[in-house]
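Enquirer: Build me a model from this:
(2 chains)
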Amino acid sequence: DVKVTQSSRYLVKRTGEKVFLECVQDMDHENMFWYRQDPGLGLRLIYFSYDVKMKEKGDIPEGYSVSREKKERFSLILESASTNQTSMYLCASRPGGATGELFFGEGSRLTVL
Amino acid sequence: GQSLEQPSEVTAVEGAIVQINCTYQTSGFYGLSWYQQHDGGAPTFLSYNALDGLEETGRFSSFLSRSDSYGYLLLQELQMKDSASYFCAVRDYKAGANNLFFGTGTRLTVIP
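Expert: Here you go, the predicted model:
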């Protein structure tokens, strides 16, 4: 089975702190994604990567950056956390090719105080 | 840009059939996916339609009409465990990769 593992299920940070959210997948997938999920807004794409060291902005990249140094790992970075970044963050991966199936991690619930 | 519309809430009786509709607007449309998410859980993949027509997987079926920019998820023989949020998502081509753009979700409540 494909496994997507997010390093932290729950985090509490203070405004202005730098936050790292880590995601690892074990199925050699080319594509990896970071979404945030907020009530009433669904899942919104922050950044995605289709190869090592490649990254593309999604729909809401402001305030975030990403890093993909190895194929299996995709990190989301909040350079200076703000209260409006309190949210559920979901990492996902997908193999290359014609498929609509994403494999999601369990999510990281971030609270910024 | 993209837009997806689906109802925010649906309630149905155990054992019944329910249909969740999704209309979309996007450029470079490739296909429509459906995901299920239980409270506190991760979204899980249900189905993907790239061509017009009905795809059946057990109690769940998904339909796509590309000419109408419309699809639906059909859940039969509803069970209490089907209470969850259901998201449609369009696969479109953006910046050299294939992305999924999600709707805001439909919360299905199954009542006895």
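
Enquirer: Quick one: find the helix or strand in chain B with the lowest mean pLDDT.
Expert: In chain B, no helix or strand scores lower on mean pLDDT, DSSP states H and E than strand B:97-102, which sits at a mean of 78.

Enquirer: And the next helix or strand past that one?
Expert: Helices and strands here follow DSSP states H and E; after strand B:97-102, the next one along the chain is strand B:106-111.

Enquirer: List the pairing partners of that following strand within its sheet, with orientation.
Expert: If you go by DSSP bridges, strand B:106-111 pairs up with strand B:9-13 (parallel), strand B:84-94 (antiparallel).

Enquirer: Give me the buried positions along the first one.
Expert: Going by neighbour count (16 or more other C-beta atoms under 10 Å in any protein chain shown), the buried part of strand B:9-13 is B:10, B:12. Where C-beta positions appear, they are placed from N, C-alpha and C, glycine not excepted.

Enquirer: show me the contacts for the closest residue to chain B within chain A.
Expert: Across chain A, the shortest distance to chain B (C-beta to the nearest C-beta) belongs to A:Gly100, at 3.5 Å. By C-beta atoms under 8 Å, 6 or more residues apart in numbering or on different chains, the residues touching A:Gly100 are B:30-33, B:45, B:48, B:50, B:89, B:91, B:100.

Enquirer: Between which two of these is the distance greatest?
Expert: Farthest apart among those by C-beta to C-beta are B:Tyr30 and B:Phe45. That separation is 15.5 Å.

Enquirer: just to revisit the earlier point, weakest of the strands paired with strand B:106-111 by average pLDDT?
Expert: Ranked by mean pLDDT, the strands paired with strand B:106-111 end with strand B:84-94 in last place, scoring a mean of 88.

Enquirer: next structured bit after the lowest-mean-pLDDT helix or strand in chain A?
Expert: Every helix and strand in chain A was compared by mean pLDDT, DSSP H and E; the lowest is strand A:56-57, with a mean of 90. Remark: after strand A:56-57, the chain's next helix or strand is strand A:65-70, criterion DSSP H and E.

Enquirer: tell me which strands and helices the next helix-or-strand element following that following strand is in contact with?
Expert: Toward the C-terminal end, the helix or strand that comes next after strand A:65-70 (DSSP H and E) is strand A:73-78. Secondary-structure packing of strand A:73-78 (3 or more C-beta pairs under 8 Å, 6 or more residues apart in numbering or on different chains; DSSP states H and E): strand A:19-21, strand A:23-25, strand A:31-38, strand A:42-49, strand A:65-70, strand A:87-94.

Enquirer: Thanks a lot, see you next time.
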